[in-house]
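J.: what follows is a predicted protein model with its sequence.
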Amino acid sequence: MALREGRPTREELAAAVDNLLPDVIAPGLGVLLCGINPGLWSAATGHHFARPGNRFWPALHRSGFTPRQFRPSEQDQLIDLGLGITNLAARATARADELSRDELTAGGAILKSKVERFAPAWLAVLGVTAFRTAFGAQRVRVGPQEQDFGGARLWILPNPSGLNAHFTLDGLAAEFALLREATRQRRVTPRR
């Protein structure tokens, strides 16, 4: 898939349905950030969290993970900062609610294998509901989790999509910042 900048055409968005988006990943990362699945804009451009209005890149910067706000096309520079990006489900859709429970469950198994293989210190899943669905974990909430995941410490972050009205950009950045601070500590106590 050719990576591109700018606004995809309607035809490019329609052609992006079911496309796959490669991970930004390397062994031994500090944090592997896991989205739910690529949106059509991301699949059409080849860049994670590419849709204008998605608050991932601003929250990542405001939290202190990046020295400036990266553009989605600069995603590969995250590796040098010890960060990576993957998705719970690989298939691109217009909305995450187009994914089936089976797709999320299967994606969870793939994610676990990926975490075991690449051994990040932390796995941060962006989306409480998707995590609950994929792993049948109904008591999970935003923040650090008691259980590890594939050998990595587990943190749940809010979904940065503009469709998530429960968190403002400042609220998202604050949650990302808590994770950033935790990456500097040995163990973190989950919120109750």
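T.: Structure's in. What do you need?
J.: switch to C-alpha atoms for all contacts and neighbour counts from now on
T.: Will do.
J.: now the strands for this protein?
T.: 31-35, 83-87, 122-126, 143-149, 152-157 (DSSP state E).
J.: turn the ones you listed into CSV, columns for mean neighbour count and distance to residue 168.
T.: Converted to CSV, these look like this (neighbours: other Cα atoms under 10 Å; distance: least, Cα to Cα, whole Å):
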stretch, mean neighbour count, distance to residue 168
strand 31-35, 25, 18
strand 83-87, 23, 22
strand 122-126, 25, 15
strand 143-149, 17, 16
strand 152-157, 23, 13
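J.: kindly format the C-alpha coordinates of the longest helix seen in the chain as PDB.
T.: Longest helix of the chain, by residue count under DSSP state H: helix 101-118. What follows is helix 101-118, C-alpha atoms only, in PDB (Å, rounded to 0.1, in the frame of the first residue of the first chain):
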ATOM      1  CA  ARG A 101     -17.300 -10.000  18.800                       C
ATOM      2  CA  ASP A 102     -15.500 -12.900  17.000                       C
ATOM      3  CA  GLU A 103     -13.200 -10.500  15.200                       C
ATOM      4  CA  LEU A 104     -12.300  -8.800  18.400                       C
ATOM      5  CA  THR A 105     -11.800 -12.100  20.300                       C
ATOM      6  CA  ALA A 106      -9.600 -13.400  17.500                       C
ATOM      7  CA  GLY A 107      -7.700 -10.100  17.400                       C
ATOM      8  CA  GLY A 108      -7.100 -10.500  21.100                       C
ATOM      9  CA  ALA A 109      -5.400 -13.800  20.600                       C
ATOM     10  CA  ILE A 110      -3.200 -12.300  17.900                       C
ATOM     11  CA  LEU A 111      -2.400  -9.300  20.100                       C
ATOM     12  CA  LYS A 112      -1.300 -11.600  22.900                       C
ATOM     13  CA  SER A 113       1.100 -13.500  20.600                       C
ATOM     14  CA  LYS A 114       2.400 -10.200  19.200                       C
ATOM     15  CA  VAL A 115       3.100  -8.900  22.800                       C
ATOM     16  CA  GLU A 116       4.800 -12.100  23.700                       C
ATOM     17  CA  ARG A 117       7.000 -11.900  20.500                       C
ATOM     18  CA  PHE A 118       7.900  -8.200  20.700                       C
END
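J.: would a markdown table of the strands of the chain with distance to residue 163 and mean pLDDT be doable?
T.: Shown next, in a markdown table, are the strands of the chain (distance: least, Cα to Cα, whole Å; pLDDT from 0 to 100):
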| stretch | distance to residue 163 | mean pLDDT |
| --- | --- | --- |
| strand 31-35 | 14 | 97 |
| strand 83-87 | 18 | 98 |
| strand 122-126 | 13 | 97 |
| strand 143-149 | 20 | 94 |
| strand 152-157 | 15 | 97 |
